[in-house]
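In: sequence below, structure please.
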Amino acid sequence: MKLLLLAGWVLLNSLGPAAQEKPADQNEPGPTLHVYADLVQMPTLVLGQNRNRIEPRIDERRFSISVDSGPWFRVTHVRPQGDDPISLSILLDPSAVDLMPNLNREIAGLVPNLLTPRDRVSLYGLACNLTRSLNDARADSARLLAHVDALVTPWMALRGREPRCTQQPVRLWDALGFVAKQMEDLPGRRVILVISDGHDKGSVRTWNEVRAYAQVVSIAVFGIIRAQVLGSSVTAPMPARNDAYPFLSICELSGGMLMPTVPKLMERTLQRFMTMLRERYILEFPRPSNSTRGEHGVEIRIADGDNYHVRATGVSALLPDDSVLNDPMTVPSDPSRAPEQGKRRVLTRPK
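Out: Numbers count the residues shown, from 1 in each chain. Coordinates of the predicted model:
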């Protein structure tokens, strides 16, 4: 798949010959070695053809990447995300209130096995206005129980009727864009979970602007929507073409997933969401040997994995300063140990 890679990266500085040859003086401080990490980490969701877990885990030697259609390069290392700290924002939309009768207990129940005290949680409610009831707080079961309940209880009282707004209400894409902006500088693996019917009703922002921004700031968006039940099967109310359903596109193009469910399966769906996060693959590789500023597309290939569902989260970093690159004491990286950027650039974003 292709995704956004705004990249920059690093070099290793060491002592120049003159500094190495100079005898040490007891009264002078020792020489300093400046190290710049030359590594990109890309969280990547890999599922089976039916969106099921893959067991055993895929061997890291099967992963390769191509930057802007350049030569394929086998990644340096692959590891599970595991207990890496997560910055999670949860956006609740009353359009999906029928999924929320027990949501306070279900979200609180993620702590401590799937959400740990190392993780940070923000909580937003979207009604007439966008309300933030929890801001980058340590994951705590009692706190989540109380704050989710405070948001959902008034909506349950309306019995599915939309609240009467005295001013222009905040819409889904605008709310999602605002939440992403608030997360831009948060540490850890940044993730937004949206529980909604997935339909916008007149935002100023377009869905594609929200999608592009989520990629730029390395946020994976996951969505939970009400499913249709056909016999014993649970299916999402999606049209045949993915590009006709913007919410699906925001999720999948940002490295997340859209998960249909029904009220009785809501707890299991939340647990599955967190398990997928913990089981993501972190692909590690050096910056391209000929990297340039701007947006770059990355393709991920898994040997013998044609039926895999692969979704990666965009990454970005600063390019090395020219003064570092031109410093004679800078040790240049070995191009043979890094991917080579191709010439096929990211297309202009559709409107």
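
In: surely Gly125 and Thr131 touch.
Out: Yes. With contact defined as CB atoms under 8 Å, Gly125 counts as touching Thr131 (4.5 Å). Quick note: C-beta positions are derived from backbone N, CA and C, even for glycine.

In: by mean pLDDT, flag the weakest helix or strand of the chain.
Out: strand 12-13 (a mean of 26; mean pLDDT, DSSP states H and E).

In: returning to what we had before: between Gly125 and Thr131, which contacts overlap?
Out: Leu151 (CB atoms under 8 Å, 6 or more residues apart in numbering).

In: neighbour-wise, which of these two wins?
Out: The residue with more neighbours, out of Gly125 and Thr131, is Gly125; 22 against 14, by other CB atoms under 10 Å.

In: name the SS class of that one, please.
Out: Look at Gly125: counting by DSSP: H, G, I helix; E, B strand; the rest coil, its state is strand.

In: for Asp304, same thing?
Out: Of the three states, Asp304 takes coil according to three-state DSSP.

In: OK, contacts around the nearest residue to Leu270 once chain neighbours are set aside?
Out: Once flanking residues are discounted, Leu270 sits nearest to Glu106: 5.5 Å by CB to CB, 6 or more residues apart in numbering. By CB under 8 Å, 6+ apart, the contact set of Glu106 is Met266, Glu267, Leu270.

In: buried set for the helix or strand harbouring Glu106?
Out: For Glu106, the host element (DSSP states H and E) is helix 103-108. Residues of helix 103-108 classed as buried: Leu103, Asn104, Glu106, Ile107, Ala108 (neighbour count, 16 or more other CB atoms under 10 Å).

In: now those as a markdown table including distance to Asp119?
Out: Converted to a markdown table, these look like this (distance: CB to CB, whole Å):
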| residue | distance to Asp119 |
| --- | --- |
| Leu103 | 18 |
| Asn104 | 18 |
| Glu106 | 17 |
| Ile107 | 12 |
| Ala108 | 13 |
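
In: report the secondary structure state of the most centrally placed residue in the chain.
Out: Centroid-nearest residue in the chain, with CA atoms, centre = their mean: Ala220, separated by 2.4 Å. Here Ala220 is recorded as strand under three-state DSSP.

In: look up which residues are beta-bridged to it.
Out: When bridges are called by DSSP bridges, Ala220 pairs up with Val191.

In: that one: what's it in contact with?
Out: Ala220 is in contact with Pro43, Leu45, Arg189, Arg190, Val191, Ile192, Ala214, Ser254, Gly255, Gly256, Thr313, counting by CB under 8 Å, 6+ apart.

In: can you tell me which of the contacts of Glu106 is nearest Gly294?
Out: For the contacts of Glu106, the closest approach to Gly294 (CB to CB) belongs to Leu270, at 37.5 Å.
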